[in-house]
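[1] Please find the sequence and the predicted model below.
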Amino acid sequence: MVGLIWDPIIVTAVMLLGAGIAYLILITARRIAAPKPSASKLATYGCGEEVKPDETHADSKQFYSPIHRVLKPFYRYIQPAHTGILSHYLLWVVIGFIVILVAVALVLR
Amino acid sequence: MIEIPPIVAIVLPLFGAFLTPIIAIVSRRFDVERKVCGWFMVAIMIAMLLVVVSMGARVWGGEIIIYKLGGWDPPWGINLAIDGLAFQMALMIAGLGTLVAIYSLAYMKRDSRFDLYCTLILLITAGMMGIVLTGDLFNFYVFLEITCISSYALVAFRRNSDAVEAGIKYMIIGSLGTSILLLSITMLYGSIGSLNIADLGQKLAMAKAGAEPVPMILVVALALFVTGIMIKVAMVPFHAWLADALTAAPTAISALLAGPVAVIGIYWVARIPYLPFGMPVGVILVALGIISMVVGVLMALVQTDFKRMLAYHVISQKGYMVLGIGLGTTLGLQGGLFHLLNHSTYKCMLFMCAGAVLHRTGSQKFDELGGLSKNMPITSSVFLIGALAISGIPPLNGFASKYTIYLAGVDAGQPIITAIAVLVSALTLASFLKAFSSVFLGQRPERFKDVKEAPMQMLFPMCVMAAICIVIGLLPALGFNIAGPAQTAAMNPGNYISQVLGGT
Amino acid sequence: MSLNYIVAMLLITLGLYCLLLKRNLIKMVIGLGVITDGIHLFLISMGYREGGIAAIVPGGMLQDNVAAGFASAAVDPIPQALVLTSIVINICIVALALSLTIWVYRHYGTLDPSEIRRLRE
């Protein structure tokens, strides 16, 4: 009735098969040439500076700075509009009601 | 199967709520208060779940179960009417409520006054069951108030500064919403003269067919009703309370608010275009849905707090459901209702994972957490399943319902809706990748070295819900078996009216 | 009796003004109460009938079976029942709102909503 052009169980089986084949390739490759990275290779790259392990966490505000830059108009107006002040939120409710009233009146008449 | 009247599903948690303080006083004498209250609450929820499941066979056979309170016939008396749509909602409330109750046995271990918590959980469940099972508009308002007041008290349960701030904001916006609903019910009663949903549907259809333009009072009543319901469903621009409430509430309550309480709003959103109003407000619902989807996910991308990000995703996913319902086609309504089923499951699960992390580490901000996947392997794999489900990745259940909504958008002749929906899904996946990598992968801070896995009572509901996600993902026909009768029942107001008013 | 409806709408508008423009949580809660009072007045006056009698059936009327004319002469009792229920609900809401306001004052030291904004964005 929905017209799904696929059967979930078959596709899941194919996905698991693909994952299994990839895992086989991985462990076969490891047996042939085991990875032995040196300590400097495993350490975090800090452009030549000493980086303590605690500082290597990605900053959650800067994580999506490209998206933030692309959608700047949104983030300039709507994000600060969530001020946290209750009176502003109630003003939104009243304005939203007036908009819906006008919309319903237009739809029904 | 014995004939259990559906009123038992409402009365059982209500009387349980009144008995809980007495049981608490008695068991405090023997010093087993926490265990007895907790297991009493879980027992009542399981009994209610069994009552709801026992109604399933009759409802899916096409019969609307009608129970008249006090023996009075509708439209002079209040009746309960359970068709396919109400049954899907009741099933979800009962099932998810039971799992959240089991979860909160372990989560509220360090809180005092656990008996008050059990009372409030039983009250809110009784209120929610009353909303979806009732056939009378003012009865709906009373049960809505019971649900809302219990939820205000539960959000502010721990009484720290964040919780009371979120509580007072939620309370004032929510009370304004229910007052708006009362004004709408008042205007409907004044102009039509009836409060029974089936009777109202009949008389509104006649009023609409008679006078051509629709009288102004009905327009205002409908606008007020839509506004009131949208405040409850937290669509933009009425969404401001949801992020604060879900951040500051105890996480078991966040799971309850994001799962079962969302069901109530969407139940009435599905009823607005068909019964009792029958007015073509689909365009407004589609517009609200699209705006909520986009604003929700964009606000969620820049959050630093775990539960606040999940709260903005609740707004975004509810936008999907309202969009599906507003499209008005069979595919759209089925997609919206199926998405409600899936969303409540995986959103409860995601909040439970956040709660497990908060319970063990004491922190819910991304910047302070990290590398917990070695300490909490089960929690991290359940979170991964939930994150893939919410982004609509096959073979999990989110894909089946989102694919239905994409198809509905193209089917209704508006491929731009499908494009926006797919884009929002991609941004959802992005935001959950950030969440997963910040909390579970990466470098583990020193102070979290000895963090243990979440206790068994927390893991059990999470694993049950993860299993449901995978099973519905592999066999979406199971989900359509539940959402299909709901959709046919919603789109068929004539059947509802004739069975309630004309039947025995 | 359109005066009733005008006063009810005036009350709702005044309550909304209090809720939106006052900088004190207690005044906002009072505004909420005024809104619900306006709605109750609206609901009661919707059941009114010119020159109607109270909708209470005296005992003798049921035996003599003169109840036929009673229904067209009495005011509508349903809005009165609805308002009673709603008044009780409103009491619960105002009580809970005031107790939450007391807790907010204990934590923040102020009742100004523009100061109570630790949860934002």
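    Ah, there it is. Numbers count the residues shown, from 1 in each chain, chains lettered A, B, ... in the order given.

[2] From now on I want contacts and neighbour counts done on CA atoms only, so please keep to that.
    OK.

[3] quick one: average pLDDT of stretch B:363-370?
    Stretch B:363-370 shows a mean pLDDT of 85.

[4] Output the below-cut-off pLDDT ranges for the chain.
    Unless you meant another one, I'm taking chain A. A:1-6, A:53-54 (pLDDT under 70).

[5] Actually, chain C is the one I wanted.
    Using pLDDT under 70, the flagged stretches of chain C are C:1, C:60-68.

[6] and the longest helix along it, does that touch chain A?
    Determined from DSSP state H, the single longest helix within chain C is helix C:77-108. No - if you take CA under 8 Å from any CA of the partner chain as the test, helix C:77-108 misses chain A, and the best it gets is 13.1 Å.

[7] Can you give me the buried ones in that helix?
    C:78-80, C:82-83, C:86, C:90, C:93-94, C:96-98, C:100-105, C:107-108 (16 or more other CA atoms under 10 Å in any protein chain shown).

[8] Which strands or helices does that helix pack on?
    helix B:137-155, helix B:161-192, helix C:25-46 (3 or more CA pairs under 8 Å, 6 or more residues apart in numbering or on different chains; DSSP states H and E).

[9] again, only using 6 Å
    Counting contacts by 3 or more CA pairs under 6 Å, 6 or more residues apart in numbering or on different chains; DSSP states H and E, helix C:77-108 is packed against helix C:25-46.

[10] orientation of the helix it packs on relative to helix C:77-108 in degrees?
    180 degrees (axes from the mean of the first three to the mean of the last three CA atoms, to 10 degrees).

[11] what is the orientation angle of helix C:25-46 with helix B:161-192?
    20 degrees.

[12] for helix C:25-46, which positions count as buried?
    Buried residues in helix C:25-46 (16+ other CA under 10 Å): C:25-29, C:31-46.

[13] How about it and chain A, touching?
    No - contact of helix C:25-46 with chain A (CA under 6 Å from any CA of the partner chain) is absent, the minimum separation being 9.2 Å.

[14] Keeping just the C-alphas, turn that helix into CSV.
    Taking C-alpha atoms only, helix C:25-46 is exported to CSV below (Å, rounded to 0.1, in the frame of the first residue of the first chain):
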residue,chain,number,x,y,z
LEU,C,25,5.8,37.2,38.1
ILE,C,26,3.0,37.7,40.7
LYS,C,27,1.3,40.2,38.4
MET,C,28,1.6,37.7,35.6
VAL,C,29,-0.2,35.1,37.7
ILE,C,30,-2.9,37.6,38.6
GLY,C,31,-3.2,38.3,34.8
LEU,C,32,-3.8,34.6,34.3
GLY,C,33,-6.5,34.6,36.9
VAL,C,34,-8.2,37.6,35.3
ILE,C,35,-8.2,35.9,31.9
THR,C,36,-9.9,32.8,33.3
ASP,C,37,-12.4,35.1,35.1
GLY,C,38,-13.3,36.7,31.8
ILE,C,39,-13.7,33.3,30.2
HIS,C,40,-16.0,32.2,33.0
LEU,C,41,-18.1,35.3,32.6
PHE,C,42,-18.4,34.6,28.9
LEU,C,43,-19.4,31.0,29.5
ILE,C,44,-22.1,31.9,32.1
SER,C,45,-23.7,34.6,30.1
MET,C,46,-23.9,32.2,27.1
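
[15] can you tell me which helix or strand the residue nearest to residue B:101 when sequence neighbours are not counted belongs to?
    Nearest residue to residue B:101 in three dimensions, chain neighbours excluded: residue B:42, at 6.0 Å (CA to CA, 6 or more residues apart in numbering or on different chains). Secondary structure from DSSP states H and E places residue B:42 in helix B:33-54.

[16] Quick check: mean pLDDT of that helix?
    Helix B:33-54 comes out at a mean pLDDT of 91.

[17] Show me what counts as buried in that helix.
    Under 16+ other CA under 10 Å, the buried positions of helix B:33-54 are B:33-34, B:36-38, B:40-49, B:51-52, B:54.

[18] other SSEs contacting it?
    Right, helix B:33-54 is packed against helix B:7-30, helix B:84-107 by 3+ CA pairs under 6 Å, 6+ apart.

[19] how about 8 Å then?
    helix B:7-30, helix B:84-107, helix B:114-133.

[20] What is the helix or strand that comes right after it packed up against?
    As assigned by DSSP H and E, the chain's next helix or strand after helix B:33-54 is helix B:56-60. If contacts are counted by 3+ CA pairs under 8 Å, 6+ apart, helix B:56-60 sits against helix B:84-107.

[21] quick one: the helix it packs on to chain centroid distance?
    9 Å (CA atoms, centre = their mean, to the nearest Å).

[22] for chain A, what's the longest helix?
    helix A:8-32.

[23] residues making contact with that helix?
    B:394-395, B:473-476 (CA atoms under 8 Å, 6 or more residues apart in numbering or on different chains).

[24] Which positions in the stretch 251-400 of chain B make contact with chain A?
    B:279-281, B:284, B:299, B:301-304, B:331, B:366-367, B:370, B:394-395.

[25] now, which of those residues lie within helices?
    Among those, the members that lie in helices (by DSSP H) are B:284, B:299, B:301, B:331.
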